[in-house]
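Whatever this is, show me its structure:
(one chain, ligands or ions: 1)
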Amino acid sequence: MYPLTDPANLPHDVWTLIAGRTAAQSVRDLCSLRMSCTAARNAGEEDFVYRCPSIPIWDQRWWSMSPMHQAGRNFLARCRQSGHLEVLFRSAVSDLFLGRCHFAGMETMHIVAAQGHSPAQYTVSMMLMLRDDFESKNKGLQTFRGLEAAGAPTICKLAFRGVIQGTWTHLRRMPMLNADNLVCSSHACPSRGNMGAIYRHKRCGRGWDVNDGDGGAAHIPCVHCWADYELILFIHLFD
Ligand SMILES: [Zn+2]
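Take a look at the predicted model:
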């Protein structure tokens, strides 16, 4: 019979993997593991481990400014620094729609989106379509169509709404949507400019609904008007 290996002799990489798996299950368990021995504590300091925790990003208590939550904020800051995608996404939403760091927020959102994070890709697509120039609008539309093809928009909207709804109403800075920044620019299009009326008719004060993707403007043949309808849904995620 072989003698059991002393856990302290496990290679650092193995400890790092164990710590990462533990972090993905529970932050509390990660803290306990890190206190168990020096090898676990050292592994727990790796960037990889700080990218793993499952954090309820919509839960405002995690971002509480109370002095009691300083340790939690330090932990989140370290996750952000290590490239934790969910934390970066939340931070980008905060910079874009709550703070005054629009440029930094958009930059972070692009970085997170480039790593395949669907809610960030969704946010980027909406922000691009809200711009005035044709090239940005087109780029945003292509990104959104990619998400649509993958069946991702609903989960993206739920993630975005979860974050924005967890913030103080008076701090939210809703993006502007008006007749001048419509995606559909064809004056020959019969549905152009009617998306607001369709939204009011469909939802009639009920706000955005998870099932909006099934109805709404799905029957409209103009893909640009459909994008305008999606922008209206995006704005109503802030309600
Ligand atoms: Zn149109």
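
Residues of the protein that sit close to the ion?
Within the chain, the positions adjacent to the ion are 184, 189, 192, 222, 224-225 by Cβ under 5 Å from the ion. For glycine as for every other residue, the C-beta is placed from the backbone atoms N, C-alpha and C.

Kindly spell out which helices and strands sit in contact with the strand or helix carrying Arg28.
Using DSSP states H and E, Arg28 maps to helix 27-34. Helix 27-34 is packed against helix 12-25, helix 38-43, with contacts defined by 3 or more Cβ pairs under 8 Å, 6 or more residues apart in numbering; DSSP states H and E.

List the buried residues for it?
Going by neighbour count (16 or more other Cβ atoms under 10 Å), the buried part of helix 27-34 is 27, 30, 33-34.

With stretch 12-30 instead?
Neighbour counts over stretch 12-30 (16+ other Cβ under 10 Å) mark 15-20, 22-23, 27, 30 as buried.

Pull the contacting residues for the closest residue to Gln115 other than its chain neighbours.
Distances taken as Cβ to Cβ, 6 or more residues apart in numbering place Leu85 nearest to Gln115, at 6.1 Å, with adjacent residues excluded. Counting by Cβ atoms under 8 Å, 6 or more residues apart in numbering, Leu85 touches 51, 112, 115, 117, 120.

do the same with Ala159
For Ala159, counting by Cβ under 8 Å, 6+ apart, the contacting residues are 57-58, 89, 118-119.

same thing but 10 Å
57-58, 86, 89-90, 93, 117-120, 122-123, 152 (Cβ atoms under 10 Å, 6 or more residues apart in numbering).

Distance of it relative to the ion?
28 Å (Cβ to the ion, to the nearest Å).

Could you measure from that residue over to Asp59?
Using Cβ to Cβ, to the nearest Å, Ala159 is found at 13 Å from Asp59.

What helix or strand is Met106 located in?
Going by DSSP H and E, Met106 is part of helix 102-114.

continuing past that helix, what's the next helix or strand?
Taking DSSP H and E, what comes next after helix 102-114 is helix 118-129.

Next SSE downstream of that next one?
Per DSSP H and E, helix 118-129 leads on to helix 134-149 as the next helix or strand towards the C-terminus.

what's the angle from that next one to helix 118-129?
Taking axes from the mean of the first three to the mean of the last three Cα atoms, to 10 degrees, one finds helix 134-149 and helix 118-129 inclined to each other by 150 degrees.

what sits up against helix 134-149?
113, 118-119, 121-131, 133, 152-156, 181-185, 213, 223-224, 226-227, 230-231, 234.

Give the buried residues for it.
Buried residues in helix 134-149, defined by neighbour count with 16+ other Cβ under 10 Å: 137, 139-141, 143-144, 147.

Stretch 163-175 too?
Per 16+ other Cβ under 10 Å, stretch 163-175 contains these buried residues: 163-164, 166-167.
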